[in-house]
Structure formats: C-alpha cells, structure tokens
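Visitor: structure, please.
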Amino acid sequence: MPTGKPRSTKKTPHISIIVRALNEEKHLGRLLTAIASQSLPNPEVILVDSGSTDRTLAIARRHRAKIVHIKPQDFTFGRSLNLGIRKASGDVMVLASAHVFPEHDDWLRNLVAPFADPQVAMAYGKQRGTDESQFSESQHFRKWFPEHSTPAQPHGFANNANSALRKSVWETIPFDEELTGLEDLAWASTAHAEGYKIAYVAEAGVYHVHNETAAQIMNRHRREAIALRQILPASTFSFVNLLSLFVRNTLSDYAAALRQGQFLRQMINIPRFRFLQYWGTYRGYRDPAQPSSQLKRVFYYPPDALEPRLATSQSARPRDKSA
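Guide: Modelled structure (predicted):
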C-alpha cells in the first residue's frame, strides 16, 4: 500500500487539462472545441508550447487556454508535463495529446471517474485510429486499448496521449525529465510499485491522429527504445527479435486486413510500418543511453521546424547553454 496518504477526493474533482503542443494548428482546435462541449464543464486548460511557429498559440488563446512556454532546447516530454502541472490549480490532471479528440461528450467525466477511489493514482483511456492512421498502428491501438475497462491493472502500463493523474501523488512522483519517451510508463510503473492503483477506462475513448513520415515513425520507436532501456536496464532487443516481431505482426496485420476487406490497399503499407517500427527499436537499443543534443532535436522536432527560431534565439543571447 502507498506510504503517503492521498488527499481526499471530492465526488467531482477540480480538473486541469494539460496539452503539449508544437505546431498543432491542424488538430488543436478540434480538441479544444470538444473539451468545451464535455458534460463535465469548465475544466482549466493549459497548453505547454515548445516553440510553435504556426497558428497554435492563436487557437489556444481563442479557446481561453492558459499558455505556458518551454524553450525548444529544454523540451522533454516529462519536463513539459511537470511544467504544465506546476501551473495547474486542479486536483486531477488530465493529460492529452494535441492531436487527439474525444469519441463523445462524456469522455472527461468517464476518465476522471476512477479518482473517487483515493487509491487510484492514474487512469488512462481507450485510443483508436482515424482514416489518416496507418493500418498497423490502428491494430496496435486495438491490442493495447481494449473494449473492456480494468479498474485496477495488475501492471503499470499507461499512455499520456489520453490519461489523468492525481496531483497529490505527482507531487511525490514527478515525471522523469531525462527520458526520451515513455515517461507515462515510467510514472505508472513507479506509482503501481508503491501500491497505488492504475485504472484503464475503455469508456473514455479518443481518436489519436498520427500522420507521420517514414523517418518520424522510425525515430519515434527509436527514442522510445532508448527510454525503455533506461526504465528496464536488463531488457534487450536483438536482430532475431526484430525479424521475429516483424514477421509475426505483419502476418497478423495481413489477416486483420483480409477480414476487413483492406488487404490490397494495405499490402505495402503494413510491412513498411512494421519494419520502421522494429528497425527503429533495434537502433534505439544500440544508441547511446544519453542521446546527443543533435539526436534529441531529430527525435522531438520535424525537420527544419525550428531552425530559424533557434538561430535567432541563440544569436540574441549569451551562449551560456548548449542547444
């Protein structure tokens, strides 16, 4: 059982929603509009921006979101969440990717419902792909985010694209600011090991839009593999693992595509995605445990997205910190 005592939880807790963003003008408005129409009204919304150069900030202001800035060179997933949560006034922090949107108007109410149990530290909801999603990624969502809820998981898995946590627990377990990803898995695993409950809520579903290039798919899995090595130092990923998982999951996806009448349309996309996924994982297990600043920028930012801003920023101030 937890050694600390969580603060008492009201029947309907005060909610703050933290959204991380970088150039999310395409999707952010849809999420913020959906938040405004939720059956649980008036949550505080905080946008943590890491250097957007498009209309992201204007969209956030139009929806009256509180904006918090983090320098691009300081960004990590955990650090940006810690920064946003410190600025939040709620009892329960809802963490949402800027490129998700709820399935229905009861998403928020359902996601925070488990916090009526004071031993629940974290809850996370279902994710589904959209028409823009890679077929294999949609299969991944169906595997890891099933249709049935689990009020107290026997393990510490969670995903911050659609999650909520109790702020009083976060005050003793902040997010790891050095990980290159999987900060949600690390946080949930630590909380679970300390005796808190992690709840999965299928009724709190979102659609998760990933419209990535081949390089972005590979690099996402590469940085997550680096993080997984830090979370599970004894874990390994060999070339045999790569081949085995590639073949098994490609065949599994082909079977699903046949059942769904999409085989011909997905015949090339499926092995392409699965190869990038596992090749990225293989490379991540061979990268340095602490990636260079240059590699972090490859991981966190689309090509050339911040070059003009970084160049201007660095030339305008003393060079007291490496990028």
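Visitor: how close does residue 213 get to residue 272?
Guide: Going from residue 213 to residue 272 by C-beta to C-beta, to the nearest Å gives 12 Å. C-beta coordinates here come from the backbone N, C-alpha and C atoms, glycine included.
Visitor: scratch that, residue 199 is what I was asking about
Guide: Applying C-beta to C-beta to residue 199 and residue 272 gives a distance of 35 Å.
Visitor: what's the answer for residue 173, then?
Guide: Distance from residue 173 to residue 272, by C-beta to C-beta: 38 Å.
Visitor: now the single longest strand found in the chain: buried residues?
Guide: Counting by DSSP state E, the longest strand found in the chain is strand 197-208. Within strand 197-208, the residues that count as buried by 16 or more other C-beta atoms under 10 Å are 197, 198, 199, 200, 201, 203, 204, 205, 206, 207, 208.
Visitor: distance between the helix or strand following it and the chain's centre?
Guide: Proceeding N to C from strand 197-208, the next assigned helix or strand is helix 214-231, under DSSP states H and E. Distance of helix 214-231 from the chain centroid (C-alpha atoms, centre = their mean, to the nearest Å) equals 13 Å.
Visitor: just the element for residue 25, please.
Guide: Applying DSSP H and E, one finds residue 25 in no helix or strand.
Visitor: strands along the stretch 1-150 of the chain, start to end?
Guide: 15-21, 44-49, 66-69, 92-97, 100-102, 120-128 (DSSP state E, counting those that start in this stretch).
Visitor: residues touching residue 226, list them.
Guide: 180, 181, 284, 285, 287, 289, 291 (C-beta atoms under 8 Å, 6 or more residues apart in numbering).
Visitor: ok, of those, which come out buried?
Guide: Buried among the contacts of residue 226 by 16+ other C-beta under 10 Å: 180, 181, 284, 285, 287, 291.
Visitor: now, among those residues, which is nearest to residue 159?
Guide: Taking C-beta to C-beta as the measure, residue 159 sits nearest to residue 181 out of the buried ones among the contacts of residue 226, at 11.0 Å.
Visitor: who's in contact with that closest one?
Guide: 77, 220, 223, 224, 226, 227, 299.
Visitor: do you know how far the closest residue to residue 38 other than its chain neighbours is from residue 209?
Guide: Distance criterion C-beta to C-beta, 6 or more residues apart in numbering; nearest residue to residue 38, sequence neighbours excluded, is residue 108 at 4.4 Å. Here residue 108 is placed at a distance of 19 Å from residue 209 (C-beta to C-beta).
Visitor: higher neighbour count, the two?
Guide: Set side by side, residue 108 and residue 209 show more neighbours around residue 108, with 23 against 19, by other C-beta atoms under 10 Å.
Visitor: quick one: residues contacting the more buried one.
Guide: 15, 17, 35, 38, 39, 40, 43, 94, 102, 204.
Visitor: what of residue 134?
Guide: Counted by C-beta under 8 Å, 6+ apart, residue 134 has contacts 210, 212, 217, 269, 273.
Visitor: related to what we said a few turns ago, which of the contacts of residue 226 lies closest to residue 146?
Guide: The closest of those, once distances to residue 146 are taken by C-beta to C-beta, is residue 181, at 22.6 Å.
Visitor: look at the closest one and report its pLDDT.
Guide: For residue 181, the model assigns a pLDDT of 91.
Visitor: related to what we said a few turns ago, now do the longest strand of the chain against strand 120-128, angle only.
Guide: Comparing the axes of strand 197-208 and strand 120-128 via axes from the mean of the first three to the mean of the last three C-alpha atoms, to 10 degrees yields an angle of 30 degrees.
Visitor: elements contacting strand 197-208?
Guide: Other helices and strands packing on strand 197-208, by 3 or more C-beta pairs under 8 Å, 6 or more residues apart in numbering; DSSP states H and E, are strand 100-102, helix 107-112, strand 120-128, strand 162-166, helix 183-193.
Visitor: returning to that earlier point: from the contacts of residue 226, which is closest to residue 21?
Guide: residue 181 (16.7 Å).
Visitor: and that closest one, helix, strand or coil?
Guide: coil (DSSP: H, G, I helix; E, B strand; the rest coil).
Visitor: torsion angles phi and psi at it?
Guide: phi 160, psi 180 (degrees, to the nearest 10).
Visitor: how far away is it from residue 37?
Guide: For residue 181, the distance to residue 37 - C-beta to C-beta - is 31 Å.
Visitor: again, but for residue 85
Guide: 24 Å.
Visitor: low-confidence ranges, the stretch 101-250 of the chain, go.
Guide: Scanning the stretch 101-250 of the chain for pLDDT under 70 picks out no residues.
Visitor: let's have the contacts of residue 181 in a markdown table, adding distance to residue 58.
Guide: Below are these laid out as a markdown table (distance: C-beta to C-beta, whole Å):
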| residue | distance to residue 58 |
| --- | --- |
| 77 | 24 |
| 220 | 27 |
| 223 | 29 |
| 224 | 31 |
| 226 | 34 |
| 227 | 33 |
| 299 | 27 |
